[in-house]
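Student: pasting the sequence and the predicted model now:
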Amino acid sequence: MRLYRLRFLCGDARRRSLEIGLKFGLQVTSIGNGHDFLAVEGRIVFIFTQVDGLSHDTLAEIIFHEGALKSFISKIEMNGIAVCRTSGDGRESVTISCPVGNLQFTFTQCSDHCCQCLKSPVSEKYIQVDHITVAVDPGTSTSVLEWFEKCLNFKRFRINSVETDEGLSMFTADTGLNLLALQYRHCSEVGLQCPLTSEDSCDVKFVIAEPLSGSGPNQVATFLQQHRGPGVQHIGLLTTNIFKAMDQLRTTGVDFIQPPTEYYELVSKLQDIESVGESVRGLQTRGILLDTGADAEKNSSNQRRYLMQSFTKPLFDQDTFFIEIIQRCGATGFGTGNIKALWEALALHMERISTAV
């Protein structure tokens, strides 16, 4: 099973596809009857579908190529899952709804011609979709996790070594988040390093993000409010050179969130950056975050594993969907250490502002 396409439902699909295509360097073409627009760069494939009168744009469908579709359908029907079958354009498809708002999953068995996109050369800018994060209502992450395991053959993996059975919970004085992560069971025994050359390996991970009940405002709670319910909060695009990717994306008009100066002044963060040989100035001028948080996997080598990441501002009219650019230098997590570091930096930033006043 491989990720094939992501479908966005939009009130103005043409405008949205051209806007995203221009900013992220995707080639945009109109397909079908003019209600769908395809945006492609290497193995990154987005579809923007026109829905008149839609109140807010949303990533509503995740499409996988499944080579053994009949067997897959039999398995999910045995679990009592209702499926919707379609065929056309040289492929068969089956769609199922999931307990994450309006999100649907489609599994298609492509013809040889359609499957050429799965073998497309890797883009110089992005390798692939690294992960998809869904925001869910408080108290529902466990049931969503169980659905992924039962229906899609995904399996939970530990984000880092301090995670509990309930997930990775993070708190400040007034807010809290809980995270759970999953990957396809086929590659679960070998961690996140699924071979890109294998046509049968699912190489995208899912993160379930839940605001803890009773906590104050945070990015997940804001998404749930603005999106009017659960859904895909963001996707991570994997790159081999985040510095080059960021420079290119800024020149095409992508707006990134700029971390407060205090983030790059934290002693713990300065130590992390120095320990892996990266440049504080190079990171700060581009707004790149760096995390060396402990992975759940044991590191057999002495090499320090880390990741670097940056987040765009919301790409739609509401404060909902955004894109993360991520470079993995051996790390398998999702930069959870940066969440805590940003909370600490923001607290210092607000303290300085109040002191100045």
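Tutor: Perfect, I can see it now.
Student: and the helices in the chain?
Tutor: Using DSSP state H, the helices of the chain run over 13-24, 69-78, 141-152, 219-226, 242-251, 267-276, 280-286, 336-356.
Student: and the shortest one, which residues are buried?
Tutor: Judged by neighbour count using 16 or more other C-beta atoms under 10 Å, the buried positions of helix 280-286 are 283-284, 286. In this view, the C-beta of every residue, glycine as well, is placed from N, C-alpha and C.
Student: all the strands of the stretch 151-300 of the chain, in order from the start?
Tutor: Ranges of strands in the stretch 151-300 of the chain, per DSSP state E, counting those that start in this stretch, are 154-157, 168-171, 176-184, 205-211, 231-238, 289-291.
Student: in JSON lines, list the ones you listed along with distance to residue 67.
Tutor: Listed next are the strands of the stretch 151-300 of the chain as JSON lines, based on distance: least, C-beta to C-beta, whole Å:
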{"stretch": "strand 154-157", "distance to residue 67": "17"}
{"stretch": "strand 168-171", "distance to residue 67": "33"}
{"stretch": "strand 176-184", "distance to residue 67": "13"}
{"stretch": "strand 205-211", "distance to residue 67": "20"}
{"stretch": "strand 231-238", "distance to residue 67": "23"}
{"stretch": "strand 289-291", "distance to residue 67": "35"}
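Student: nearest to residue 31, of these?
Tutor: Between residue 31 and the strands of the stretch 151-300 of the chain, the shortest gap by C-beta to C-beta is with strand 231-238, which sits at 21.1 Å.
Student: tell me the angle of that closest one relative to helix 13-24?
Tutor: Orientation note: strand 231-238 sits at an angle of 30 degrees relative to helix 13-24 (axes from the mean of the first three to the mean of the last three C-alpha atoms, to 10 degrees).
Student: what sits up against strand 231-238?
Tutor: Strand 231-238 is contacted from outside by 6, 44, 58-60, 62, 100-103, 126-135, 209, 219-220, 223, 309, 311, 320-328, 334, using C-beta atoms under 8 Å, 6 or more residues apart in numbering.
Student: now swap in stretch 276-293 and tell me
Tutor: 160, 242-243, 246-247, 250, 256-259, 261, 263-264, 269-270, 272-273, 275, 304-310, 329, 331, 333, 335-338, 341-342.
Student: touching, residue 218 and residue 175? I think so.
Tutor: Yes - under the criterion of C-beta atoms under 8 Å, residue 218 makes contact with residue 175 at 4.6 Å.
Student: so what sits against both of the two?
Tutor: With C-beta under 8 Å, 6+ apart, residue 218 and residue 175 have common neighbours residue 211.
Student: what stretches of the chain score poorly on pLDDT?
Tutor: 88-90, 110-124, 173, 186-202, 294-302, 346-347, 349-350, 356-357 (pLDDT under 70).
Student: so which bits of stretch 162-171 are buried?
Tutor: Result for stretch 162-171 [16+ other C-beta under 10 Å]: buried residues 163, 167-168, 170.
Student: likewise for stretch 54-64?
Tutor: Buried-residue list, stretch 54-64, by 16+ other C-beta under 10 Å: 56-64.
Student: how about stretch 75-86?
Tutor: 76, 81.
Student: switch the buried residues of stretch 162-171 over to CSV; also include distance to residue 351.
Tutor: Output for those, formatted as CSV (distance: C-beta to C-beta, whole Å):
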residue, distance to residue 351
163, 30
167, 30
168, 27
170, 20
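Student: give me every residue that touches residue 44.
Tutor: Listed by C-beta under 8 Å, 6+ apart, the contact set of residue 44 reads 26, 123, 126, 128-129, 237.
Student: and the residues you listed, which two are the farthest apart?
Tutor: Greatest spatial distance among those (C-beta to C-beta): 26 and 128, at 14.1 Å.
Student: looking at the two, which one has more neighbours?
Tutor: Under the criterion of other C-beta atoms under 10 Å, the comparison of residue 26 against residue 128 puts residue 26 first, with 21 against 18.
Student: test my guess that the more buried one contacts residue 41.
Tutor: Yes - contact criterion C-beta under 8 Å: residue 26 and residue 41 qualify, at 4.6 Å.
Student: returning to that earlier point: so which of the buried residues of stretch 162-171 comes closest to residue 142?
Tutor: residue 167 (8.3 Å).
Student: surely residue 152 meets residue 105?
Tutor: Yes - in this structure, residue 152 is within contact of residue 105 by C-beta under 8 Å, at 6.9 Å.
Student: who's more crowded, these two?
Tutor: residue 152 (24 against 18).
Student: for the more buried one, what are its contacts?
Tutor: Counting by C-beta under 8 Å, 6+ apart, residue 152 makes contact with 105, 184.
Student: what distance do you get for it to residue 7?
Tutor: Distance of residue 152 to residue 7, given as C-beta to C-beta, to the nearest Å: 17 Å.
Student: ok, now residue 280?
Tutor: Distance from residue 280 to residue 7, counting by C-beta to C-beta: 40 Å.
Student: and what of residue 47?
Tutor: 4 Å.
Student: any shared contact partners between those two?
Tutor: Taking C-beta under 8 Å, 6+ apart as the criterion, residue 47 and residue 7 both touch residue 61.
Student: near the closest residue to residue 275 other than its chain neighbours, how many other residues are there?
Tutor: Closest residue in space to residue 275, ignoring its immediate chain neighbours: residue 304 at 5.6 Å, by C-beta to C-beta, 6 or more residues apart in numbering. Burial of residue 304 is recorded as 14 neighbouring residues (other C-beta under 10 Å).
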